[in-house]
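Visitor: Next one to model:
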Amino acid sequence: MQKIARRVATAERVANKRQKAKDFKLYKGMKKDRQATAGQQVERALEEVNKAKQAIRDDWSMGALSPRMDVGEWHGARGSISEARISSAGRLSLAQRNARCQWAGGAYYLNLAVGDRVVLLEGPDKGRIGKISEITHENAEVTVNGLNKTNIRILEHIRQNANDQRAMNFELPIPISAVRLVHPITDPATGTTRDVIINQLVHSGLVTDRVTGKRRWQRVVPGLNISIPWPVKEEPDTPVHKADTLRIDVEEKTFVPTLLRPPMPEAIIDELRGKYSRFRTRHEPEYIARLEAQEQAKKDRAKLMESMRTPLQEFHRAERENKKRKGKPRLTLEMLEKIGEVMARNRERTLNAAGVSDASPPATSTSASAPASADAPPPTSSNTEPSPPAST
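Guide: Numbering: from 1, shown residues only. Sure thing, here's the model as predicted:
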């Protein structure tokens, strides 16, 4: 048992080691791909910046003779960036995300939500305020509605029509470290309410729902102990079309189940039950009869295979039947005499080969038989018999 336990432990260690090596190899491959994608994105950005700078120099030095830049893929999209630079490449580590979200409570307890008003600290829209429309937790980035916009080139295979515009205006995501929360706070001294830039937020009153596993907390400004309420989620404005079904028609009760007829056709019920499932227990009579016929055919074939024998198998079968019919063999007197003669002949041959005679051993001397006679009881009247009278 100990040997089996040692083998199991060794197998588990080997399996864990292999899985660990496999996971590490996968992690290294993913990290290499992320680094390669990020490097390509940086190279693409530097190439576009250098081309733009060269175009400015050529335009200043050559004037009307400067080469055109809005040709080929960039026809009608001069001044825009490539589509590969819309989002950040790869995924940041937890330490990098925490560094970006340090002022907002960290990446795990991020105190920002969609709908918050933030001010931009970087970029062309620095100092402007907008609402968060999207949060990317993998890269700790936010997209602000109407801010940090740029022109993105639209390639030909992406455009639906040939006459569509070759560049579109998009909001680019910006790191969370480049924004700050803006919230109206009332001054207790003057009683006036104005927008305040909040540079630090922490979480407080953490509550975890046991059923759903979701976490809820409050965001507080440290030092002032002011709780910042979460933004109210806006209901999506769903447009109404002519083909939409009215609510009154949806809530109208058009079917009443009864016991006189099934609620739906039998074919649909059969499909819902999983007709070809191996866990099905209820089947149609035709299906059961077909399976029984298949089993009976297998049994008949097995019996047919047993009945088909070769001539040698038939001979052996007849021999076994004859032996069973005769029963167990018995030794006759002639057999016993013959066996005795063979045993005596073998005994004589063995003794002659060993140089031993078949005569009885000679009598021992009186000195050797003295101890034996000493153990014999003395003659008494009870154990002695009178000798017969001598004949004359």
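
Visitor: Please make it C-alpha for all contacts and neighbour counts, starting now.
Guide: Will do.

Visitor: What degree of burial does residue 195 show, as a neighbour count?
Guide: Using other Cα atoms under 10 Å, residue 195 has 12 neighbouring residues.

Visitor: what about the helices in the protein?
Guide: Secondary structure of the chain by DSSP state H: the helices cover 2-62, 94-100, 247-251, 266-272, 285-307, 311-326, 333-354, 366-374.

Visitor: got any ranges where the chain has weak pLDDT?
Guide: The model of the chain has pLDDT under 70 over residues 1, 88-90, 157, 162-163, 263, 269-270, 273, 275, 357-392.

Visitor: okay if I get the helices of the chain as a markdown table plus mean neighbour count and distance to residue 279?
Guide: Output for those, formatted as a markdown table (neighbours: other Cα atoms under 10 Å; distance: least, Cα to Cα, whole Å):
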| stretch | mean neighbour count | distance to residue 279 |
| --- | --- | --- |
| helix 2-62 | 13 | 33 |
| helix 94-100 | 17 | 45 |
| helix 247-251 | 8 | 36 |
| helix 266-272 | 10 | 13 |
| helix 285-307 | 11 | 15 |
| helix 311-326 | 11 | 44 |
| helix 333-354 | 11 | 69 |
| helix 366-374 | 10 | 91 |
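
Visitor: Figure out which of the ones you listed is closest to residue 214.
Guide: Among the helices of the chain, helix 94-100 comes nearest to residue 214, with 20.3 Å by Cα to Cα.

Visitor: any idea how far residue 257 is from residue 264?
Guide: Counting by Cα to Cα, to the nearest Å, the separation of residue 257 from residue 264 is 10 Å.

Visitor: before we move on, what about residue 37?
Guide: Residue 37 sits 55 Å away from residue 264, going by Cα to Cα.

Visitor: Then residue 112?
Guide: 50 Å.

Visitor: which one of those two has more residues nearby?
Guide: residue 112 (22 against 9).

Visitor: Tell me which residues touch that one, please.
Guide: residue 104 (Cα atoms under 8 Å, 6 or more residues apart in numbering).

Visitor: Residue 106 contacts residue 94, correct?
Guide: No. With contact defined as Cα atoms under 8 Å, residue 106 does not count as touching residue 94 (9.6 Å).

Visitor: any chance of the helices of the chain in CSV, with distance to residue 160 too?
Guide: Below are those laid out as CSV (distance: least, Cα to Cα, whole Å):
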stretch, distance to residue 160
helix 2-62, 26
helix 94-100, 37
helix 247-251, 35
helix 266-272, 40
helix 285-307, 53
helix 311-326, 80
helix 333-354, 110
helix 366-374, 131
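
Visitor: Nearest to residue 168 among those would be which one?
Guide: Of all the helices of the chain, helix 2-62 comes closest under Cα to Cα, at 17.5 Å.

Visitor: starting at the chain centroid, how far to that closest one?
Guide: Remark: helix 2-62 is offset 23 Å from the chain centroid, using Cα atoms, centre = their mean, to the nearest Å.

Visitor: now residue 206: how far from residue 107?
Guide: In this view, residue 206 and residue 107 are 15 Å apart by Cα to Cα.

Visitor: what about these two, which has more around it?
Guide: For residue 206 versus residue 107, neighbours defined as other Cα under 10 Å are more numerous around residue 107 (21 against 11).

Visitor: where along the stretch 151-300 of the chain do the strands fall?
Guide: Applying DSSP state E, counting those that start in this stretch to the stretch 151-300 of the chain gives strands spanning 167-171, 174-175, 179-186, 193-198, 202-208, 215-221, 226-228.

Visitor: Out of these, which gets nearest to residue 332?
Guide: strand 202-208 (97.4 Å).

Visitor: quick one: contacts of that closest one?
Guide: Applying Cα under 8 Å, 6+ apart, the contact partners of strand 202-208 are 104-105, 109, 111, 214-222.

Visitor: go again using 6 Å as the cut-off
Guide: 105, 214-220 (Cα atoms under 6 Å, 6 or more residues apart in numbering).

Visitor: same check, this time on stretch 231-242
Guide: If you take Cα under 6 Å, 6+ apart as the criterion, stretch 231-242 is touched by residue 115.
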